[in-house]
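A.B. asks: need a 3D model of the sequence below.
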Amino acid sequence: MQYKTLPIVLKDMKILLIGGGKVALQKAEVMERNAVDFECISAAFIEEFTDINARQTQKYFEIKDLQNYAVVVDATGSKDVMNALLEHKRHKNFLYNCVDVPEVCDFFFAALLEYGSLKIAVSSSGASPTLAQSVREKIRRVLPNTLASFNEELQTKRSLGIIDVKHAKQAAKKMLGRVTLVGCGTGDVDLLTLKAYKSIKEADVVFIDHLISDEIIDIIPKETMKISVGKQKGAHSVKQEKINEMLIEYASKGLEVARLKAGDPYIFGRGAEEAQALMDEGIRVDVIPGISSAIAGPLSAGIAPTARGYATNLSIVSAHLAGNSINTQWIDLLKMKNHTTIVLMGLSRADEIVKAALEAGADANMPTAIISNASRANQTRIITTLSELPSLAKDAPRPGIIVFGDVVNLAKVLPSCEMKEEREDAKIA
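C.D. replies: Numbering: from 1, shown residues only. Next up, the predicted model:
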């Protein structure tokens, strides 16, 4: 049955709550949080009612207990009490709510979100409290906790006669907007975290790096606004400062923005710069970890970076510095025993890396691996040595990482993506 309803806000009311069980307690807690003047009557109260700071009378309910109450909440579950109240309503007008019996109710309790004096009520008009609660929880995840203090600030200004609608609207939009830096890992959609997946699905706007795979782009809803901000080496389509400005611009409109970043946002990316720029502008920021190719690459290629008996230490470095210059400060790591060094953004610098390594005294025969497109269907793995790296790196697919150390020898025995593909091809054949 459908009911004609109108959500309203009652003020300065007095309510009689009948019942002392768990259902009554839930209603009492809601009323107490909202500073409602109410009294509880019940033949017995559960222990938790001792924490409720309202008048409590332990007795069986009688019609004369209604006194001057204009609103009555019946949480007894008793048909006798319900019938007595319905009979009394024929002679005395009051608003009646009988919990879980919507057909006799004059009003329904909404699923309520409370941010100080700012309240958001969700009602299904009695059709499904479960649906209303689910919608409420969805709203709760989106809205910031700072709404309470902001509403209090606006109330103080209003009481002083200061009403600036334009400023309030701008400040509210900025507060309601949010940017989530989403670590998209190596591009394998199955390796996204559930949180990353949900963020992509729920965003109003998605900013996309050039390394984000097509299969991840494909899960972005068609109606979502998509903005490409890929920064490829030697061809920066959008400068970082401009990206920061755009993120601030869209979040300031009150939108949910997902910034998709390859790998992990904070590992040799500029996620920290973006987060700081947003926070400086008062924009809410969430950061979702992603699986870096530095971790997924070796695993996908059958290499365990810290396998016992092979390596007790692990270093992850970048060969690339600002201004397209090379970083070689880590080269001495290649001389360490029982050590694995993983190099990101180093394929185009292979000549310089090997030259510096050999000059530093590194072993020319050090086991070395190139892993491209880690964990994706087109992953490739090249096993070589330090001295042979430059000739093989020239034609290796990008993006790729370099792994140095004895652990590379494990690629002969541990499972890898290539082995999985070969097994699946054999099954098809």
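A.B. asks: could you check the pLDDT of the most centrally placed residue in the chain?
C.D. replies: Geometric centre of the chain, nearest residue: residue 195, 5.0 Å, by Cα atoms, centre = their mean. On the pLDDT scale, residue 195 is placed at 96.
A.B. asks: so where's the stretch 201-350 of the chain shaky on pLDDT?
C.D. replies: Applying pLDDT under 70 to the stretch 201-350 of the chain flags residues 231-237.
A.B. asks: mind listing the strands for the stretch 301-429 of the chain?
C.D. replies: 313-318, 320-321, 325-326, 339-344, 367-372, 380-385, 400-404 (DSSP state E, counting those that start in this stretch).
A.B. asks: go on, the stretch 101-250 of the chain?
C.D. replies: Under the criterion DSSP E, counting those that start in this stretch, the stretch 101-250 of the chain contains strands at 111-115, 118-122, 178-183, 205-208, 225-228, 231-232, 235-236.
A.B. asks: so residue 68 touches residue 14, yeah?
C.D. replies: Yes: using Cβ atoms under 8 Å as the test, residue 68 is close enough to residue 14 to be in contact (7.4 Å). Any C-beta I mention is one placed from the backbone N, CA and C, and that applies to glycine too.
A.B. asks: what about those two, which has more around it?
C.D. replies: residue 14 (13 against 7; other Cβ atoms under 10 Å).
A.B. asks: got the contact list for the closest residue to residue 152 other than its chain neighbours?
C.D. replies: Computed as Cβ to Cβ, 6 or more residues apart in numbering, the closest residue to residue 152 that is not its neighbour in sequence is residue 116, at 5.7 Å. Under the criterion of Cβ atoms under 8 Å, 6 or more residues apart in numbering, the neighbours of residue 116 are 147, 148, 149, 151, 152.
A.B. asks: give me the pLDDT for residue 116.
C.D. replies: pLDDT, residue 116: 85.
A.B. asks: that one and residue 148, how far apart?
C.D. replies: 3 Å (Cβ to Cβ, to the nearest Å).
A.B. asks: which residue of this structure sits farthest from its center?
C.D. replies: For the chain, the largest distance from the centre (Cα atoms, centre = their mean) belongs to residue 91, which lies 54.4 Å off.
A.B. asks: correct me if wrong, but that one is in a strand.
C.D. replies: No: going by DSSP: H, G, I helix; E, B strand; the rest coil, the assignment for residue 91 is coil, not a strand.
A.B. asks: now the helix or strand containing residue 26: buried residues?
C.D. replies: Here residue 26, judged by DSSP states H and E, is contained in helix 22-33. Across helix 22-33, burial judged by 16 or more other Cβ atoms under 10 Å covers 23, 24, 25, 27, 28, 31.
A.B. asks: tell me which strands the next helix or strand after it pairs with, and in which orientation.
C.D. replies: Counting by DSSP H and E, the next helix or strand C-terminal to helix 22-33 is strand 37-42. Strand 37-42 has its sheet partners listed here by DSSP bridges as strand 14-18 (parallel), strand 55-58 (parallel).
A.B. asks: helices or strands up against the helix or strand following the last one?
C.D. replies: Read in the C-terminal direction, the helix or strand following strand 55-58 is strand 71-74, with elements assigned using DSSP H and E. Contacts of strand 71-74 with other secondary structure elements, assessed using 3 or more Cβ pairs under 8 Å, 6 or more residues apart in numbering; DSSP states H and E, are made with strand 14-18, helix 79-89, strand 95-98.
A.B. asks: try 10 Å this time
C.D. replies: strand 14-18, helix 22-33, strand 37-42, helix 79-89, strand 95-98 (3 or more Cβ pairs under 10 Å, 6 or more residues apart in numbering; DSSP states H and E).
A.B. asks: keeping just the C-alphas, turn it into PDB.
C.D. replies: This file holds the C-alpha atoms of strand 71-74, laid out as PDB (Å, rounded to 0.1, in the frame of the first residue of the first chain):
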ATOM      1  CA  VAL A  71       2.700  12.800  19.800                       C
ATOM      2  CA  VAL A  72       2.700   9.200  20.900                       C
ATOM      3  CA  VAL A  73       5.200   6.500  19.900                       C
ATOM      4  CA  ASP A  74       4.100   2.900  20.600                       C
END
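A.B. asks: where's the residue nearest to residue 152 relative to residue 151, distance?
C.D. replies: 6 Å.
A.B. asks: one more: residue 344?
C.D. replies: Applying Cβ to Cβ to residue 344 and residue 151 gives a distance of 46 Å.
A.B. asks: more neighbours: these two, which one.
C.D. replies: residue 344 (21 against 16).
A.B. asks: which residue is the nearest non-sequential neighbour of the more buried one?
C.D. replies: Leaving out its chain neighbours, the residue that sits closest to residue 344 by Cβ to Cβ, 6+ apart is residue 318, at 5.0 Å.
A.B. asks: I'd like to know how far that neighbour sits from residue 402.
C.D. replies: Going from residue 318 to residue 402 by Cβ to Cβ gives 11 Å.
A.B. asks: and for the two, which residues touch both?
C.D. replies: In terms of Cβ atoms under 10 Å, 6 or more residues apart in numbering, residue 318 and residue 402 are both contacted by the residues 343, 344, 345, 346.
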